[in-house]
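**Q** sequence isn't available, so here's the structure alone:
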């Protein structure tokens, strides 16, 4: 056993340093640098390292304390807590919450309440009068914020309920200082108008307000106090053993109504959690989870605490797919075909367990229709692995968004196209040698869905373009042919050592060892399907879907690459599905461009021989799906592209969108909401489109002698 593994020690120090900085930013500076989910991931890694190397536990200070050990920047004095104010351990699955509940003594009852997104606070009353107020701080001591709390209207200066006063002269009440969303919006509008700092969340603004030395500022903001615990240092036994009953006493003493649910049976925990989640969704006070606590204070004392967490409560944090945030910036991003697409940069928000700051904005017409502005409050949605999208503007106060006039990569003047049918306006860079276009095109064709070229990712694409090894797809495959010839020549001369000599020579030019994989993978890609190759050419508005239609309608053969521009020009005069006037004009313009004709000839000379889609139908079955036109949405056990190929091999036609021309709408899990809505709209208009799912796929493919992964008709290899 290596007790002084330098890599392990370095990892522990790095993780601990990140966590300590995050805690200081959250608790002291009121300016979080990471989300709770991100913090939990780092903390989990650190716990795992310490569990495997317990002799290094003293290095993991972040696992031993709560909050931040750093002195507050505003100089508030620190005061010891009578009882530690510890953190709550987070759970992200309801099953884990139930497992925790079932580990407790039989008959345990619980309180289930919202986990308010605010700052923890303890208010100390003596003989019914508010005497002191502390932050949670680092758990064992907090900052004295008595003056600030007394400036708030929401916290009683005197307790008015006699039974609570009769228990003992000293009563300490703990809870969360919070702010309504409406108050955040009001203050942010004022800040924007005055040109001062705006806040990303109610929690940040609440924490910042409570650090103000100017008490008039504190008094001018509506900050609420939501209690979740009460005890007496001198006579806690005089209070009810039930936390739920104690909360009722606080209601009678002038505090807000307790939103918790008392649960007497662990079987009812899930329903209570769901009820609180529903309450959180409707509340103007943000909540980022549900707290589940042991109700009995006597049992709490028996269960005790760990160094940082209490053993008698836990927190369920759902992985929400949607959330609210603020749009801060628009980045106009280059695409492989020259299209300039807007990308939203927003304040971080956790969606489905991941911290998200970027969202797709479709196009400038969509931006105008939505009423988006820089600084507007928006709702963002992340569904499955789909790129996050802004789905609603909640407050359009902000600065207008102005689309660019020149390409962000090469500074060429952008060309504006507006489709007559949809009215959508897009901007394009038509410089064939724009480094951004070429770089993104190379990365695109290297992906699994196109030519599947190992090693042709962002770094390699950037190097090839930046150092002028290739300025277009034709030159890329010319480079491959020449490099592969050099490799084969060295291998012929030196045998197995030839490959090493080639790798060393390329390394001197700055290429990594992946160059070998890339060259061989490109050789295989030369015989990829025609629809993939048409997409790989980077023709504006033309992807694999239209490429598939063109390849089929033009009946392209392996030798047609050299003649492709002429054939595509001829296709414009044909009635091609999903190709309107704008796409037709662009396709004709591309086909007539001498540069593109040269690219196709260079590809042909390099040995590129695309093939037609290979039929996967079983022998003797024929094409039973002739006349079927379909669209697939959602997720299945098998990749949708593979399913599409199998259905097409049986005679079916794949569509790019839900329309009256579809005969079958194939729906899997996490189906696209827009496609479902379009289907419902068409059916309501009388269109006959059959809605089917996995069962239909399994039976249809099985009847044709084909298999579907994950079905009962196929046995997958281990």
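**A** On my side now, so go ahead. Quantities reported herein were computed from a predicted structural model and do not represent experimental measurements.
**Q** run a quick neighbour tally on residue 57.
**A** As a burial measure, residue 57 scores 15 neighbours (other Cβ atoms under 10 Å). C-beta: built from backbone N, CA, C; applies to glycine.
**Q** what's the mean pLDDT across stretch 397-411?
**A** Across stretch 397-411, pLDDT averages out at 88.
**Q** contacting residues around that stretch?
**A** By Cβ atoms under 8 Å, 6 or more residues apart in numbering, the surrounding residues in contact with stretch 397-411 are 189, 192, 327, 330, 332-334, 340, 342, 364, 367, 372-377, 412-414, 427, 429, 431, 433-437.
**Q** list the buried residues of that stretch.
**A** Applying a neighbour-count criterion of 16 or more other Cβ atoms under 10 Å, the buried positions in stretch 397-411 are 398, 401, 403, 407, 409.
**Q** what's the farthest-apart pair in those residues?
**A** Among the buried residues of stretch 397-411, the pair separated by the greatest distance (Cβ to Cβ) is 398 and 409, at 27.0 Å.
**Q** narrow the buried residues of stretch 397-411 to those in strands?
**A** Secondary structure of the buried residues of stretch 397-411 is defined by DSSP state E; no position falls in strands.
**Q** of the residues you listed, just say which sits nearest to residue 451.
**A** For the buried residues of stretch 397-411, the nearest to residue 451 is residue 409 (22.8 Å; Cβ to Cβ).
**Q** how far away is the closest one from residue 340?
**A** Distance of residue 409 to residue 340, computed by Cβ to Cβ, to the nearest Å: 9 Å.
**Q** can you give the distance of the helix or strand harbouring residue 279 from its chain's centre?
**A** Assigned by DSSP states H and E, residue 279 falls within helix 269-282. In terms of Cα atoms, centre = their mean, to the nearest Å, the gap separating the centre of helix 269-282 from the centre of its chain is 24 Å.
**Q** quick check: mean pLDDT of the next helix or strand after that helix?
**A** Once helix 269-282 ends, the next helix or strand along the chain (criterion: DSSP H and E) is strand 287-294. Mean pLDDT, strand 287-294: 91.
**Q** for the helix or strand following strand 287-294, list every residue counted as buried.
**A** Reading on from strand 287-294 to the C-terminus, the next helix or strand found by DSSP H and E is helix 297-303. Burial within helix 297-303, assessed by neighbour count using 16+ other Cβ under 10 Å, is assigned to 297, 299, 300, 303.
**Q** quick one: which of the residues you listed is nearest residue 16?
**A** Ranking the buried residues of helix 297-303 by separation from residue 16, with Cβ to Cβ as the measure, puts residue 303 on top at 27.5 Å.
**Q** got the contact list for the closest one?
**A** Shown here is residue 303, whose contacts under the criterion Cβ under 8 Å, 6+ apart are 104, 294, 310, 311, 312.
**Q** and the gap between the fourth one and residue 558?
**A** Distance of residue 311 to residue 558, given as Cβ to Cβ: 69 Å.
**Q** who's more crowded, these two?
**A** residue 311 (17 against 14).
**Q** and the more buried one, what is it in contact with?
**A** 303, 304, 305.
**Q** of all those residues, which comes closest to residue 84?
**A** residue 305 (6.9 Å).
**Q** quickly note the distance from the residue of the chain most remote from its centre to residue 249.
**A** Among the residues of the chain, the one whose C-alpha is farthest from the average of all C-alpha positions is residue 166, by Cα atoms, centre = their mean at 52.6 Å. Going from residue 166 to residue 249 by Cβ to Cβ gives 11 Å.
**Q** same deal with residue 193?
**A** Counting by Cβ to Cβ, the gap from residue 193 to residue 249 is 44 Å.
**Q** neighbour count: these two, which is higher?
**A** For residue 193 against residue 249, the residue with the higher neighbour count under other Cβ under 10 Å is residue 249, and the figures read 19 against 9.
**Q** isn't that one up against residue 230?
**A** Yes - with contacts defined as Cβ atoms under 8 Å, residue 249 counts as touching residue 230 at a distance of 7.2 Å.
**Q** shared neighbours, the two?
**A** Common neighbours of residue 249 and residue 230 are listed as residue 239 (criterion: Cβ under 8 Å, 6+ apart).
**Q** so residue 462 is in which element?
**A** helix 458-466.
**Q** same check, this time on residue 177
**A** In this structure, residue 177 sits in strand 170-178 according to DSSP H and E.
**Q** next, count neighbours for the closest residue to residue 694 other than its chain neighbours.
**A** Sequence neighbours aside, residue 636 is the residue nearest to residue 694 in space, at 6.2 Å (criterion: Cβ to Cβ, 6 or more residues apart in numbering). One way to gauge burial is a neighbour count; for residue 636, by other Cβ under 10 Å, it gives 21.
**Q** distance check, residue 636 against residue 398.
**A** From residue 636 across to residue 398, the span is 41 Å (Cβ to Cβ).
**Q** got the buried residues of helix 297-303 as CSV, with distance to residue 94 and pLDDT columns?
**A** As requested, the buried residues of helix 297-303 are arranged in CSV below (distance: Cβ to Cβ, whole Å; pLDDT from 0 to 100):
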residue, distance to residue 94, pLDDT
297, 26, 94
299, 22, 93
300, 23, 91
303, 21, 88
